[in-house]
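Participant: please work out how this folds:
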Amino acid sequence: MHYTRTMKNKITARDKIVYFVTMLGANLLGSVAIILILSIFSKSNDRNIIIKNYRLFTVIFALIGIGVTCLVTFLYFRSKLPDIFVSDTENADSIKVIFKNFCSWVLPGEVIRFILATLPTKPGSMFGYRFFDGFFAMPANIAYDWFYLMPQKRLAVIRESGYTFADNALFFLIYLIYFAITIAVLFLLFKQLWKENEVKKKNEVKIRMDYNSVK
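Facilitator: Okay, the predicted model is just below:
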């Protein structure tokens, strides 16, 4: 009977904590990018274009935030991935193995952020968003604001009377979409880096084998 060796997983609790902190920093940078772009537009003659096409610009700004966040996280993956995994299995580059390790490393922190960001905490003083005024989940918050809070004029009511079930349910749905998009992009980046790392290791093994064969 043939047994396939499994991958040695070197992910520790510390690695997950470091990812969580890095992820929060990456999201903060994504939020800063959105705010800077909004600030530039607000001081130009293009402000009215945003107001007239706010639905389109909501999506654009949300994607900018996600893009900056994923770029920073990608750089973190690239620097840390070679230190976390030891490849010793013939199917190390299978989707199942990659996804399992991605979930083990990334999902705990992302789920914690999901929970914290969707709690009906008091609206922030600057934007009126949840969880540190939305700085750690700006794309979801800005979509919620521009598609719902502003058109329905809900922020003043929420500040006075709190959130309703509909307020919370809609934000949860928007964040769930944001969560799915972010996780999908991060997984694709992680998979690409994983495969590159596997190819590099296989080439190193081949070089060593070729070297030993001619000794």
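Participant: show me where pLDDT drops low in this protein?
Facilitator: Applying pLDDT under 70 to the chain flags the ranges 1-9, 85-93, 202-215.
Participant: tell me where it has helices.
Facilitator: 13-42, 47-52, 54-84, 95-118, 130-133, 138-144, 150-152, 155-161, 165-213 (DSSP state H).
Participant: and residue 124, which of the ones you listed is closest to it?
Facilitator: With CB to CB as the measure, helix 130-133 is the member of the helices of the chain nearest residue 124 (2.7 Å). C-beta: built from backbone N, CA, C; applies to glycine.
Participant: may I see the buried residues of the closest one?
Facilitator: 130, 131, 133 (16 or more other CB atoms under 10 Å).
Participant: from the chain's centroid, how far away is that helix?
Facilitator: Put simply, helix 130-133 sits 17 Å off its chain's centre (CA atoms, centre = their mean, to the nearest Å).
Participant: with stretch 177-191 instead?
Facilitator: On the basis of CA atoms, centre = their mean, stretch 177-191 sits 7 Å off its chain's mean C-alpha point.
Participant: just stretch 30-43 next, same as before
Facilitator: 20 Å.
Participant: contact partners of that stretch?
Facilitator: Stretch 30-43 is contacted by residues 47, 50, 61, 64-69, 72, 134-136, 138-139, 142 when judged by CB atoms under 8 Å, 6 or more residues apart in numbering.
Participant: go again using 6 Å as the cut-off
Facilitator: Stretch 30-43 has contacts (CB atoms under 6 Å, 6 or more residues apart in numbering) with 47, 50, 61, 64, 65, 68, 69, 135, 138.
Participant: buried residues, it. List them.
Facilitator: Within stretch 30-43, judged by 16+ other CB under 10 Å, the buried ones are 30, 31, 33, 34, 35, 38, 41.
Participant: one more: stretch 162-178?
Facilitator: Buried-residue list, stretch 162-178, by 16+ other CB under 10 Å: 163, 167, 170, 171, 174, 175, 178.
Participant: between the buried residues of helix 130-133, which is closest to residue 194?
Facilitator: residue 131 (30.9 Å).
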